[in-house]
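J.: below are the sequence and a predicted model for it; my questions follow.
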Number of protein chains: 2
Amino acid sequence: MDPKFDELKSRLHEITDLRLASAVLNWDQETMMPEGGVRARANQISTLRRLAHQKFTSEEMGALLEDLKPAAAQMPYDSFEASLVRVTWDDFEKSVRVPAELVAEMSRAASEGQQIWQNARAQHNPVPHAARAGRRMPAAQGNFEMFRPALEKLLALTIRYAECFAPYESVYDPLLDRAEPGLKTSQLRPIFARMTEEIVPLVKAITNKGSVIDDSVLYQEYPEDKQWQFGLEVAKAFGYDLHRGRQDRSAHPFTTGFSINDVRITTRLDPRFFSMALFGTMHETGHALYMQGHDQSLERTPLASGASSGLHESQSRMWENLVGRSREFWQCWFPRLREHFPNQLAHSAVEKFYRAINKVEPSLIRVEADEVTYNLHIMLRFELEVELLEGRLDVKHLPAAWNAKMHEYLGVTPPDDAAGVLQDIHWSGGGFGGFPSYTLGNIYGPHLFERALHDMPDLRQQFALGEYLNLLTWYREHLHKWGRMLKPTELIQRITGQPLSVEPWIRYIKGKFGEIYEV
Amino acid sequence: MDPKFDELKSRLHEITDLRLASAVLNWDQETMMPEGGVRARANQISTLRRLAHQKFTSEEMGALLEDLKPAAAQMPYDSFEASLVRVTWDDFEKSVRVPAELVAEMSRAASEGQQIWQNARAQHNPVPHAARAGRRMPAAQGNFEMFRPALEKLLALTIRYAECFAPYESVYDPLLDRAEPGLKTSQLRPIFARMTEEIVPLVKAITNKGSVIDDSVLYQEYPEDKQWQFGLEVAKAFGYDLHRGRQDRSAHPFTTGFSINDVRITTRLDPRFFSMALFGTMHETGHALYMQGHDQSLERTPLASGASSGLHESQSRMWENLVGRSREFWQCWFPRLREHFPNQLAHSAVEKFYRAINKVEPSLIRVEADEVTYNLHIMLRFELEVELLEGRLDVKHLPAAWNAKMHEYLGVTPPDDAAGVLQDIHWSGGGFGGFPSYTLGNIYGPHLFERALHDMPDLRQQFALGEYLNLLTWYREHLHKWGRMLKPTELIQRITGQPLSVEPWIRYIKGKFGEIYEV
């Protein structure tokens, strides 16, 4: 190919190095850095990002891509060369549409917004609310009014950002596109409608059965070091390569990578609640396996990354839920778990444990929700942020709208803002349009998994034997290796032979929980 | 001042951010990184360094400094503004003298050289040498001939580097200047001659007394976690601020900083030898205290760094030896140490322990040498590298020359190259001119310390009470806060009222070891 292609690669190497260096600095900040380092670290990360952005949006880069486009278009669509030029052009074109001052203003507003949100959420109101005494809820009650001006500012900036991409069907489209390239708001609505149609009655049926599942086995003393050890054992069994990764503790679990061969996860531990660490570790392992599975030829380019947030969530949630919360998985692992925790599990059998980790209970907090109710939390946020952005909902009515929808979908009402509208960090950093990816991940998961089951009909039996390599190899071959070379819609179509569909998820949920709850 | 001064600061902020980010990546590589990350990490570090170098040596930077020099010269010599312009100009002027290709070639030769040196040192010769059975010596025998071509190349490149700074008195001067700005080879020679005159007879006298010190107490099982805990306790007592630092393990101990407020040390532990971890931790703590003590106004500039390698060593060796190997220190800490290790120290008293950690014994390995013989190892290296660079010694005769000098100064003869000429990493990376800083550190130490004793006559009694804050405060005020604003020679003159002198060190050594050995 054109010698200009080598120039493109060499420019992208430099830009990728800067971005990955910034990721190392961020990982260090979350896991290792002493508190004194905060200010200098903010400067270092901001310098690296600014340089990467400058270099990526330079005129030279634009001219180079323009020169390369015709030749790239002649090459096979899914070749490395064609993909690199195409994806980089898309990224470039999006980057240069947004004025540098707006980017800077959004970044400042996001930092300030997160600070204000943290304070607002931690706020104690003068009259303690007697009603809130949930098992694992923070003591703060939160004060939305404190956060309101920051949120209004963030919304205004986000609309200005979206307008850089006009014309569009919905102002929400350019935001959705950041997480799920190519997906439109109008495609999401029927998916969510179809889900509501099926889940709301299912949740009601389960709730009407009363509390038939006892999950107290999960709320005992589980020493942290044994939890850590068991979690890592499972991660390794799933195929996480610790020669190309490591696990550390952090306040909020995350996965990050500085190379296809250096992909790190973090976890958090609760010595009195079993599920948090293990299912968190499985989840992050799913992200890490995706990142460790990109083809080595993508290294040091913008292609060495997941195809979308939703596809990333499809991997994390697949390992966490489809594998990690399956009966077959625990047929293999429950005896091993009992070796680690003989006293805690003396009176438990695998079936009882399986039911405990799959208990369905409408609750206030998204990150604690079960597989059935989880998407209702997302749907609520999606609907509210679309209404806010399209100007159909005023920010001052947001808490009331939130509480009304919680009641409508889940039958629960937040006692205060901390347990309601202030619970997530996303909006405080301007992250509108990101929530749907969680649900898309849940949907992509069973859709791809049905195909894997079709190719390997004994897959579930393999889980019971502690065998996960065939599953991982299948995903490597069909999804992981591609990185960002293909779009999510293209990948789904190629792998399943169908467009995006919510039906596999509905079949999976109704099958699994219909059996557990006999509804 | 000139608004151009703000431009200089802003350029230096960006360059410093890049350099510090690269230091974070390096720390991570030595302490945390999984092995898979090696290749990507080398690319990332090299990109950051290249960008920092490009930006620092740009024509714009040169023009800006030229513009600022006249105004800076009008300001007080030790003001922040004058110092920043002066020191940056010096750095700039040195950087641009060396052609970019030579820098690149040296960097490649250094990487290759270290690789070859590692292999050559680990080489097992066909006939095992019966004589070598030292207590803590590596099993390899080393093969200098394998390393010779790489060393010849490194020497040739180093001479080309030095020639960029012609004219000079000695080709060694520009190399010495990298570590000790302003110091000349001709100033070092009389210092080393004076040391030889005093130490060689002292070592002979001590050796003639026979083995009067039993240090077997140090060679017992010391559990690693308790060693770690005790070392950190001491580091904190010295004043190391863990809100602005942390300690980790690494193969070779080092100190690094990413801000005045994020200075990290590493240590290594030997479960069967007590001295390694503790005195290593004290040493690195000394470096860290220097770095944590720079004035906050120097943050994010090239001034936030030690004045020279020698002054850095003066701090690390002062805390390690003048404080940490003093009788008064152990009067306070020995009872605490015995709480950590009651069995190991059941039959020891403080005086016996004090003598054990101060045992003098001519040995083959520099990094294991005691306070008395240490400088003889440096002197030997200094003399040999000057002869090599001045063309008076051929590389092929280096092992013989090494062994002859070892015999002359220390009365010992290396059984093989691994325990002789191949023991240090420095030359394999092209680090000629760096060794004298170790001895300069030893000399600066007592010179400054005599002054501190003059200002605070009860300093040693304070050590016995576990009180080190007055000492630290004195160093902060007289040395640490200045960073690189003043040169080593200027600092010594300001603090002691005298030029560099070896006499305080001679007094210290003869006093301490004359008493211990009654010679």
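T.: Arrived safely, thanks for sending.

J.: name the residues of the stretch 101-250 of chain A found near chain B, please.
T.: Contacts of the stretch 101-250 of chain A with chain B, taken as C-beta under 8 Å from any C-beta of the partner chain, map to A:241-246. Yep, even glycine has a C-beta here, placed from its N, CA and C like the rest.

J.: A:V24 touches B:W27, doesn't it?
T.: No: the pair A:V24 and B:W27 does not pass the contact test of C-beta atoms under 8 Å, sitting 9.8 Å apart.

J.: have a look at these two and say which one is more surrounded.
T.: Set A:V24 next to B:W27 and count neighbours by other C-beta atoms under 10 Å in any protein chain shown: A:V24 wins out with 27 against 24.

J.: give the other helices and strands that the helix or strand hosting the more buried one contacts.
T.: In this structure, A:V24 sits in helix A:3-31 according to DSSP states H and E. Packing contacts for helix A:3-31, counted by 3 or more C-beta pairs under 8 Å, 6 or more residues apart in numbering or on different chains; DSSP states H and E, involve helix A:38-56, helix A:59-74, helix A:80-97, strand A:255-259, strand A:262-267, helix B:3-31, helix B:38-56.

J.: tell me the most buried of the ones you listed?
T.: A comparison of the helices and strands packed on helix A:3-31 by mean neighbour count, using mean count of other C-beta atoms under 10 Å in any protein chain shown, puts strand A:262-267 on top with a mean of 26.

J.: do that one and chain B meet?
T.: Yes: counting by C-beta under 8 Å from any C-beta, chain B is contacted by strand A:262-267 at A:262, A:264.

J.: can you give me the angle that strand makes with helix B:3-31?
T.: Counting by axes from the mean of the first three to the mean of the last three C-alpha atoms, to 10 degrees, strand A:262-267 lies at 80 degrees to helix B:3-31.

J.: how close does A:S305 get to A:G483?
T.: From A:S305 across to A:G483, the span is 6 Å (C-beta to C-beta, to the nearest Å).

J.: same thing with A:R50?
T.: Taking C-beta to C-beta, one finds A:R50 at 25 Å from A:G483.

J.: again, but for A:C164
T.: Using C-beta to C-beta, A:C164 is found at 27 Å from A:G483.

J.: more crowded one of those two?
T.: Between A:C164 and A:G483, counting by other C-beta under 10 Å, A:G483 is the more crowded of the two (26 against 13).

J.: that one reaches A:G306, doesn't it?
T.: Yes: the pair A:G483 / A:G306 is scored as a contact, 7.4 Å apart, by C-beta under 8 Å.

J.: could I get the helices and strands packed on helix A:3-31 as a markdown table with distance to B:E503 and mean pLDDT?
T.: Formatted as a markdown table, the helices and strands packed on helix A:3-31 follow (distance: least, C-beta to C-beta, whole Å; pLDDT from 0 to 100):
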| stretch | distance to B:E503 | mean pLDDT |
| --- | --- | --- |
| helix A:38-56 | 41 | 95 |
| helix A:59-74 | 62 | 96 |
| helix A:80-97 | 65 | 97 |
| strand A:255-259 | 52 | 98 |
| strand A:262-267 | 52 | 98 |
| helix B:3-31 | 37 | 97 |
| helix B:38-56 | 40 | 95 |
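
J.: what strand or helix carries A:D248?
T.: Assessed by DSSP H and E, A:D248 sits inside strand A:245-249.

J.: tell me the strands beside that strand, with direction?
T.: strand A:262-267 (parallel) (DSSP bridges).

J.: run the chain-centre distance for the partner strand.
T.: Strand A:262-267 has its C-alpha centroid displaced from the chain centroid by 15 Å (C-alpha atoms, centre = their mean, to the nearest Å).

J.: tell me the residues of the stretch 351-500 of chain A that contact chain B?
T.: Counting by C-beta under 8 Å from any C-beta, no residue of the stretch 351-500 of chain A is near chain B.

J.: quick one: A:R160 and A:E101 touch, right?
T.: No: using C-beta under 8 Å, A:R160 makes no contact with A:E101, being 10.4 Å away.

J.: have a look at those two and say which one is more surrounded.
T.: Per other C-beta under 10 Å, whichever of A:R160 and A:E101 has more neighbours is A:R160, with 14 against 8.

J.: so who does that one touch?
T.: A:L102 (C-beta atoms under 8 Å, 6 or more residues apart in numbering or on different chains).

J.: list the buried residues for the helix or strand where it lies?
T.: Take DSSP H and E as the rule and A:R160 turns out to sit in helix A:144-163. Under the neighbour-count criterion of 16 or more other C-beta atoms under 10 Å in any protein chain shown, helix A:144-163 has A:144, A:146-148, A:150-151, A:153-155, A:157-159, A:161-162 buried.

J.: how near is the residue of the stretch 401-519 of chain A at minimum distance from chain B to B:L500?
T.: Per C-beta to the nearest C-beta, A:G483 is where the stretch 401-519 of chain A lies closest to chain B, at 14.9 Å. Note on A:G483: its distance to B:L500, by C-beta to C-beta, is 59 Å.

J.: what is the orientation angle of the helix holding A:V24 with strand A:255-259?
T.: Angle between the axes of helix A:3-31 and strand A:255-259 is 140 degrees (criterion: the same axes, to 10 degrees).

J.: how about the contacts made by the residue of the stretch 401-519 of chain A closest to chain B?
T.: Applying C-beta under 8 Å, 6+ apart to A:G483 gives the contacts A:294-295, A:298, A:303-307.

J.: let's see which of those residues end up in helices.
T.: Counting by DSSP state H, no part of the contacts of A:G483 is found in helices.

J.: mind putting these into a markdown table with distance to chain B?
T.: Formatted as a markdown table, those follow (distance: C-beta to the nearest C-beta, whole Å):
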| residue | distance to chain B |
| --- | --- |
| A:H294 | 12 |
| A:D295 | 15 |
| A:L298 | 12 |
| A:L303 | 15 |
| A:A304 | 10 |
| A:S305 | 14 |
| A:G306 | 18 |
| A:A307 | 21 |
